[in-house]
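In: Sharing a model that was predicted from the sequence below.
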Amino acid sequence: MFFRCGLVGEHISYSLSPRIFEWGLRACGLEGEYRLYDLPPNRAREVAEHSGWHGLNVTTPHKCAALDWCHSLTERAKAVGAVNVLLRRDDAVWGDNTDVCGCEYALKRHSNALPEIRRALIVGSGGAARAVLLALNQVFAPLHVSMASRDPQAAAARLGLVTSHLSQVQYLSFSAAAERLDSFDIVVQATPVEVPLPEPLHFRRGALVMDLVYAPRVTRFLQAAARSGAQTENGLIMLIAQAAASFEIWTERTFPLERALAELLPEFATE
C-alpha cells in the first residue's frame with residue numbers, strides 16, 4: 001500500500017513533518033509520500049474534502065476549524081476541542097488529537113527527575129495549549145494550572161467545556177503571568193510567538209520550561225529560562241512523539257519512537 005499523507009497549515013515556512021514521516025516509512029519498510037498544503041482558512045477544507053489522501057496533519061491556524069471537517073471525533077479530540085490528525089476511513093473523515101500524546105510523552109521523560117509539581121503555567125489558549133492542559137493533568141494531577149492569554153475572559157469562555165472537568169484552572173493576562181513567572185514549577189509556551197510575555201522574564205530555578213516552538217531551536221523564551229537556572233526543552237521531542245502517534249493511526253504499524261529520537265534529534269538539533 002502507498003500511503004498518501006500531508007500537513008495542512010498556513011504560512012508553513014519550515015516543517016520537519018515530512019522528514020519524520022519519511023523516516024518512519026523507511027524504518028517500517030513502507031512506501032508513501034507526505035506533502036505540505038500551505039492554505040488560508042477559506043481553502044484548507046478543500047484538501048480535507050478531497051479523496052486522494054489517507055491521512056493528514058493539521059496545524060496553525062486550522063486545528064479548531066478542522067473539527068467541522070470531520071464526520072466523527074475521538075474522545076481526545078472532543079476534550080481538547082481541536083484536531084491535528086485526520087484519517088480517511090470508509091469515505092468518512094475521522095479526527096483525533098495526537099498533540100496530547102506528544103506532550104504527555106515529553107512530560108513523562110521529566111516526571112521522575114522533577115520534584116513535586118504543584119503549579120503549572122500554560123502560555124496561550126489555542127489548540128496546542130488545550131492539548132498541553134490535558135497532558136499536564138494526565139501526568140501531574142492533582143495540579144493547579146494557570147493559562148495566560150491576551151484576553152483571559154475570552155479564553156475562559158472559550159475553554160469552559162475543556163476545563164469543566166478539571167479543578168483549579170486560573171486565567172491570567174500575559175502581564176500578570178510574567179509577574180508571577182517565578183512561582184511556577186512547569187511553564188509551557190504554547191503560542192507560535194517567540195516571546196509572548198512582556199520582558200524581562202524571571203523563572204524559578206529548577207523549574208521545567210518547555211517551548212513548543214522548535215525553530216529557532218533555542219528561543220529567547222528558553223534563553224531567559226536558562227539564565228534563571230531552569231531546565232529547558234524545545235518542541236522537537238513533542239513534535240516527533242505526536243508525529244509517531246499520527247503515523248501509527250494512518251499505517252496501523254508501530255513507529256519506533258525511541259530509535260527515531262536517537263537518530264533524528266541529533267540531526268535536527270544541529271540545523
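Out: That came through fine. Note that the coordinates shown come from a computational prediction; the quantities given were computed from them, not determined experimentally. Numbers count the residues shown, from 1 in each chain.
In: can you give me the strands in the stretch 101-250 of the chain?
Out: Residue ranges of the strands in the stretch 101-250 of the chain, as given by DSSP state E, counting those that start in this stretch, are 119-123, 144-149, 169-173, 186-189, 208-211, 231-233.
In: how far does the helix ranked longest in the chain sit from the chain's center?
Out: For the chain, the longest helix by residue count, based on DSSP state H, is helix 236-251. What separates the centre of helix 236-251 from the centre of its chain is 11 Å, taken as Cα atoms, centre = their mean, to the nearest Å.
In: For stretch 34-49, give me every contacting residue.
Out: Stretch 34-49 is contacted by residues 4-12, 15, 17-18, 21-22, 53, 56, 58, 61-62, 65-66, 68-69, 86, 93 when judged by Cβ atoms under 8 Å, 6 or more residues apart in numbering. All C-beta atoms are positioned from the backbone trio N, CA, C, and that covers glycine.
In: In helices only, show me these.
Out: Restricting those to those inside helices, with DSSP H as the criterion, leaves 17-18, 21-22.
In: Mind giving me the ChimeraX command for buried ones among those?
Out: Here the buried members of the ones in helices among the contacts of stretch 34-49 are turned into a ChimeraX selection, burial being counted by 16 or more other Cβ atoms under 10 Å:
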select :17,18,21
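In: pLDDT (mean, whole number) over stretch 171-188?
Out: The average pLDDT for stretch 171-188 rounds to 96.
In: Relative to residue 29, which of the ones in helices among the contacts of stretch 34-49 is nearest.
Out: Relative to residue 29, the closest of those is residue 22; by Cβ to Cβ it sits at 12.9 Å.
In: measure that closest one to residue 221 for me?
Out: For residue 22, the distance to residue 221 (Cβ to Cβ, to the nearest Å) stands at 30 Å.
In: cool, and residue 268?
Out: If you measure residue 268 against residue 221 using Cβ to Cβ, the figure is 19 Å.
In: Compare these two (neighbour count), which wins?
Out: Neighbour totals were compared for residue 268 and residue 221, and residue 221 leads with 26 against 19 (other Cβ atoms under 10 Å).
In: right, and that one touches residue 209 too?
Out: Yes - A contact is recorded between residue 221 and residue 209 when judged using Cβ atoms under 8 Å, the distance being 7.5 Å.
In: So for these two, which residues contact both of them?
Out: Applying Cβ under 8 Å, 6+ apart, one finds that residue 221 and residue 209 are jointly contacted by residue 189.
In: Outside of the longest helix of the chain itself, list whatever touches it.
Out: By Cβ under 8 Å, 6+ apart, the list of residues contacting helix 236-251 from outside reads 3, 5, 16-17, 20-21, 24, 28, 30, 54-55, 57, 84-85, 87, 96, 98-99, 101-103, 105-106, 109, 210, 212, 214, 217, 253-255, 257, 260-261, 264-265, 268-269.
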